[in-house]
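Enquirer: Sequence first, predicted model second:
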Amino acid sequence: MANKGYAANDSKLSSPLPAVGLDIAGATLVCLILMLCEIYLAFRRRKPWIPCRFFAINSFTLTLLSIATKLPVDITTSMPSACDQLSKLCGTTFICIYIGFSRPFVESEDFTNFASLTVLVITVTVNIALQINSGAIFLFKAEHVLNLVLMSLLIGVTGCVRSSLPECFCESFRKSVKHMPRNVHTLKRCYTFSYIANPQLICYRYSPSATVGALCTFCCVVLLQSAIRAYSLDHEVKPASDYKWSIWAVVGLQILTIIVGTLAVVLRCLMLASQMHSFFNAAAIKEKRILEGLNIFSLAQRN
């Protein structure tokens, strides 16, 4: 009797899980809509570097991210199916793409939001490690470990550049005051900033944007090959999932969001490389005129 009562209570406890999965899918859908709005407004306003305005690192998007990545930190629910195991990998990949997509806004954001993102990354990393050790994650172990490494690299690169960028500009300014004719590269930076009038692009330009794009692309490729394997495994063996039909909605929306975010990051890197070439050509012409004016002014003062 006690076992029957426990089984009945267990079934009642797992009954709201499809609604929880629907909540996760809804948060993922909102993130996808925000990404599409960023891309649409960027091309409409002819800003191919896709500046972050709606999907930047703030309390709202971090709350959405924590809801959308609930499954990787779920250590109490039994998730035996291949789709369940894939959903955990989708959550960690989604965090990587979020960091890469919001990369230009990090330097102009306060320390609190970045610290909150770091705490979320550490929490997910610890939970995934515990689940791998306990056997709760038995599929895609290598992919999970690789995703954790890439996620740590992304948050580390972002944090290092965020802390070193203001010091770099201050040091360059001090050197330019002492040796104005020699520091041509600093003058290019200053003029490019005034020419483009977008601090996010400047921060993204003087950061390892190519590294971030490569890491996000690699995360997406790892997830896609895992999804193909999970699809074949799910057709061979179909254990029951407590999330039922909602797990497919979560996985489908998160894979779509990850693909859109990866394409945006790669497109941003490619367009930024081409745009900055033309920007620096224009800056070089103006720079030459400014230096000529400075030389004439210094000669006039000497005479």
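Expert: Received, thanks. Computed from a prediction, not measured in an experiment: that's the story for all the values here. Residues are numbered from 1 along each chain as shown.
Enquirer: give me the low-pLDDT residue ranges for the stretch 1-150 of the chain?
Expert: Scanning the stretch 1-150 of the chain for pLDDT under 70 picks out 1-14, 104-110.
Enquirer: let's go with 80 and repeat that
Expert: 1-16, 46-51, 77-78, 103-111 (pLDDT under 80).
Enquirer: in it, which spans are helices?
Expert: Using DSSP state H, counting those that start in this stretch, the helices of the stretch 1-150 of the chain run over 2-14, 17-44, 59-68, 82-101, 111-134, 141-178.
Enquirer: and those helices, which is most packed in?
Expert: Of the helices of the stretch 1-150 of the chain, the one with the most neighbours on average (mean count of other C-beta atoms under 10 Å) is helix 82-101, at a mean of 26. In short, each C-beta sits where N, CA and C put it, glycine included.
Enquirer: Provide a list of residues in contact with the residue lying closest to Val145 once chain neighbours are set aside.
Expert: Leaving aside its sequence neighbours, Val145 sits nearest to Ile132 (C-beta to C-beta, 6 or more residues apart in numbering; 7.5 Å). By C-beta atoms under 8 Å, 6 or more residues apart in numbering, the residues touching Ile132 are Lys141, His144, Val145.
Enquirer: okay but Leu32 is in contact with Thr257, surely?
Expert: Yes: judged on C-beta atoms under 8 Å, Leu32 makes contact with Thr257 at a distance of 4.4 Å.
Enquirer: where does the stretch 201-303 of the chain dip in pLDDT?
Expert: Checking the stretch 201-303 of the chain against pLDDT under 80 turns up 201-211, 233-241, 269-303.
Enquirer: just the helices in it please.
Expert: 209-236, 246-302.
Enquirer: could you give the angle of the first one to helix 82-101?
Expert: Inter-element angle recorded for helix 209-236 and helix 82-101: 170 degrees (by axes from the mean of the first three to the mean of the last three C-alpha atoms, to 10 degrees).
Enquirer: Show me what helix 209-236 is packed up against.
Expert: With contacts defined as 3 or more C-beta pairs under 8 Å, 6 or more residues apart in numbering; DSSP states H and E, helix 209-236 has these neighbours: helix 82-101, helix 141-178, helix 246-302.
Enquirer: Just the buried positions in it, please.
Expert: 209, 212-217, 219-220, 222-223, 226-227, 230, 233-234 (16 or more other C-beta atoms under 10 Å).
Enquirer: No further questions, thank you.
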